[in-house]
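[1] I would like the atomic coordinates for the input below:
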Amino acid sequence: MEIKSGKTTIQEFANTILQNKLYRDDGLNKTISERGLKFLSSEYHRDIQYSMALIDNKPVALAMIVIPPFENQGGHLKSEQFELYSDRYFSVFTKEEYRGNGIARKLSVELATQFDKGMQKLGRRYDGFFVCSEKTVAPMFRESFSIAVMAGGFPPFRAVKRLNHILLNEPIPDAIATEIKLDSRDVIINELNRQKLSLSKPIIKIKNNTEDELSFF
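    Numbers count the residues shown, from 1 in each chain. Purely as a prediction, here's the structure:
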């Protein structure tokens, strides 16, 4: 097996994803690739950081971080209590006949080797920085990256809002509701704490309005 890693745009990478069927039928990989072929980069821009597994020169698995323009997809909320910031999401896909061999995990490790350090800068700039992910693959990302990853749905600006409501123990408004499974409040807190520890930031404990002791603010 060979692993290739790199940076590109969805316009340059879309054919690789579609022609090799590196997607679920209703998944994000397929959606952004089809849009990448339909629109120019000036109309629909997505930067891609990827690690791809090839067997006999044929792509069989893909892990990637998709970075849309912050101005129309990213989200940033900051209050006296906390801060949440996200502008990217993590995706991993392995063809069915190659699953169960640890390929996806190897790609996640390679992706971290190439790109985790760059994201640490955002983690130090924004205390609540995180990468969006589906709940089923989030644990894999957490094993490899120092950066927080949380299931808040997509796109990132809505994920930030949803997780904000979860942290405040508030119901998520219908306008931003999703059928995607979201992380619990405990998971969110644990992830942001883990990121702070991995980036060697001091931890300050405070009380929130529910008298639960949080340590990531």
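[2] Can I get stretch 119-133 in PDB, CA atoms only?
    C-alpha atoms of stretch 119-133 as PDB (Å, rounded to 0.1, in the frame of the first residue of the first chain):
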ATOM      1  CA  MET A 119      -3.700  23.900  13.000                       C
ATOM      2  CA  GLN A 120      -2.000  24.300  16.400                       C
ATOM      3  CA  LYS A 121      -1.600  28.000  15.500                       C
ATOM      4  CA  LEU A 122      -5.400  28.400  15.300                       C
ATOM      5  CA  GLY A 123      -5.700  26.400  18.500                       C
ATOM      6  CA  ARG A 124      -3.500  28.900  20.300                       C
ATOM      7  CA  ARG A 125      -5.200  31.900  18.800                       C
ATOM      8  CA  TYR A 126      -8.800  30.700  19.600                       C
ATOM      9  CA  ASP A 127      -9.300  28.800  22.800                       C
ATOM     10  CA  GLY A 128     -12.400  27.100  21.400                       C
ATOM     11  CA  PHE A 129     -11.000  26.100  18.000                       C
ATOM     12  CA  PHE A 130     -12.200  22.700  16.800                       C
ATOM     13  CA  VAL A 131     -12.600  20.700  13.600                       C
ATOM     14  CA  CYS A 132     -16.000  19.500  12.600                       C
ATOM     15  CA  SER A 133     -16.500  15.800  12.000                       C
END
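[3] which residues are in contact with it?
    Contacts of stretch 119-133 with the rest of the structure, by CB atoms under 8 Å, 6 or more residues apart in numbering, involve 65, 76-78, 82-91, 141, 145-156, 159, 191-192, 195-196, 199, 201, 216-217. The C-beta positions use only the backbone N, C-alpha and C, and glycine is treated the same way.
[4] for the helix or strand containing residue 105, what is the average pLDDT?
    Residue 105 belongs to helix 103-125 when assigned by DSSP states H and E. Helix 103-125 carries an average pLDDT of 94.
[5] what's the next secondary structure element after it?
    Under the assignment DSSP H and E, the closest C-terminal helix or strand after helix 103-125 is strand 131-132.
[6] Report the distance from whatever helix or strand comes next after that next one to the chain centre.
    Next along the chain after strand 131-132, taking DSSP H and E as the criterion, comes helix 138-144. From the chain centre to the centre of helix 138-144 is a distance of 10 Å (CA atoms, centre = their mean, to the nearest Å).
[7] so what's the closest residue to residue 55 other than its chain neighbours up against?
    In space, and not counting its chain neighbours, residue 55 is closest to residue 1: 5.4 Å by CB to CB, 6 or more residues apart in numbering. Residues near residue 1 by CB under 8 Å, 6+ apart: 53-55, 103.
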